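K.L.:
Task: produce atomic coordinates for the following.
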Amino acid sequence: MTHPSEFVIQFWGVRGSIPAPGSETVRYGGNTSCIEMRVGGKRLIFDGGTGLRVLGKQLLKQTHVEAYMFFSHSHWDHIQGFPFFIPAFIPGNCFHIYGGVAPNGATMKQRLSDQMHHPNFPVPMQVMKSDMKFYELSAGDVVQLDDITIETGPLNHPNTALGYRVTWQGRTAVYATDTEHYPDRIDENLVHLSRDADVLIYDACYTDTEYYDPKTPKIGWGHSTWQEALKVAEAAHVKKAVMFHHDPNHDDDFLDQVEAEVQTVFPNSLLAREGMILPVV
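P.N.:
Here you go, the predicted model:
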């Protein structure tokens, strides 16, 4: 249930690229990107990776679910949980679904539908009997849900992506995945989106060592590093930084080490963990 006086973030999937289940990822989780913000009595869902399936199971405890879903983009790890989101199949539930238009002109509705077409999936999106309303967004658009303000901004990612800034009663959380830092400057669009935020959730898929590795560099892959995340956090005067979109090859022990290094540089920061609940204060 959502409470009219709360602003909390719950992480249902924190992994990037591909699910990484197994004994070595138990503490941080193996599901791909999905977070929920419960804000002022409303439920906001960001991205629909495999973590969305887990959230959906939790929502089955409720009747007449209404939620606002915001997609950063439609790479597989951000939409692959949508066909397994059971509440979307239940009549009486309502989902307001927002996303950008792809460079080829495809809307978010088209892209969610395409992944459920043969031969990709056994049943089409039309079997989902909830009331689904679709809205197209462009970077810079603002969505107003009563007293909740949701700003959008462009992210530096192949085929484009959107970042989201959620503000309610003077508190702000920013969801900025997937994005890659620029080699010669800080991303001013991202700094503006993150300005004075209480929480910044940022794509810290790699370490600097991995990103610049001479044998297997990750330059141009569309993702950033925790070192660059903290540069944005400091430039934007962010209170708490959350490292997100963990590489599937990073096991729990590796991520423990990363978190220790992150907190040495920016004490009020942490790594996202599946199931973690974070109040926005």
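K.L.:
and the nearest residue to residue 64 once chain neighbours are set aside, what does it touch?
P.N.:
Closest residue to residue 64 apart from its sequence neighbours, by Cβ to Cβ, 6 or more residues apart in numbering: residue 92 at 5.5 Å. In short, each C-beta sits where N, CA and C put it, glycine included. Taking Cβ atoms under 8 Å, 6 or more residues apart in numbering, we find residue 92 in contact with 63, 64, 130, 131.
K.L.:
Reformat the residues you listed as JSON lines; add neighbour count.
P.N.:
Formatted as JSON lines, those follow (neighbours: other Cβ atoms under 10 Å):
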{"residue": "63", "neighbour count": "9"}
{"residue": "64", "neighbour count": "8"}
{"residue": "130", "neighbour count": "18"}
{"residue": "131", "neighbour count": "13"}
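K.L.:
So which of the residues you listed sit within helices?
P.N.:
If you go by DSSP state H, the contacts of residue 92 have nothing in helices.
K.L.:
Which one of the residues you listed is nearest to residue 242?
P.N.:
If you rank these by distance to residue 242 using Cβ to Cβ, residue 130 comes first, at 29.9 Å.
K.L.:
show me what contacts the closest one?
P.N.:
Residue 130 sits next to 87, 88, 89, 90, 91, 92, 93, 94, 95 when contact means Cβ under 8 Å, 6+ apart.
K.L.:
So among those, which ones count as buried?
P.N.:
Buried subset of these (neighbour count, 16 or more other Cβ atoms under 10 Å): 87, 88, 90, 93, 95.
K.L.:
so which pair among the residues you listed is furthest apart in space?
P.N.:
90 and 95 (10.6 Å).
K.L.:
From one end of stretch 22-29 to the other, what's the distance?
P.N.:
With Cα to Cα, to the nearest Å as the measure, stretch 22-29 spans 9 Å from end to end.
K.L.:
roughly how far is that stretch from the heart of the chain?
P.N.:
Distance, stretch centre to chain centre, for stretch 22-29: 19 Å (Cα atoms, centre = their mean, to the nearest Å).
K.L.:
One more: stretch 92-108?
P.N.:
Worked out by Cα atoms, centre = their mean, stretch 92-108 lies 15 Å from the chain centre.
K.L.:
Convert that stretch to PDB, retaining C-alpha atoms only.
P.N.:
What follows is stretch 92-108 as a C-alpha-only set of coordinates in PDB (Å, rounded to 0.1, in the frame of the first residue of the first chain):
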ATOM      1  CA  GLY A  92      -9.700  -3.400 -13.100                       C
ATOM      2  CA  ASN A  93      -6.000  -2.400 -12.700                       C
ATOM      3  CA  CYS A  94      -4.800   0.800 -14.400                       C
ATOM      4  CA  PHE A  95      -1.400   1.700 -15.600                       C
ATOM      5  CA  HIS A  96      -0.300   5.000 -17.000                       C
ATOM      6  CA  ILE A  97       2.800   4.300 -19.200                       C
ATOM      7  CA  TYR A  98       5.300   7.000 -20.200                       C
ATOM      8  CA  GLY A  99       8.300   6.800 -22.500                       C
ATOM      9  CA  GLY A 100      10.200   8.500 -25.200                       C
ATOM     10  CA  VAL A 101       9.900   8.000 -28.900                       C
ATOM     11  CA  ALA A 102      12.800   6.000 -30.400                       C
ATOM     12  CA  PRO A 103      15.000   7.600 -33.100                       C
ATOM     13  CA  ASN A 104      13.200   5.400 -35.700                       C
ATOM     14  CA  GLY A 105       9.800   6.800 -34.600                       C
ATOM     15  CA  ALA A 106       8.700   3.800 -32.600                       C
ATOM     16  CA  THR A 107       6.600   4.700 -29.500                       C
ATOM     17  CA  MET A 108       7.000   2.900 -26.200                       C
END
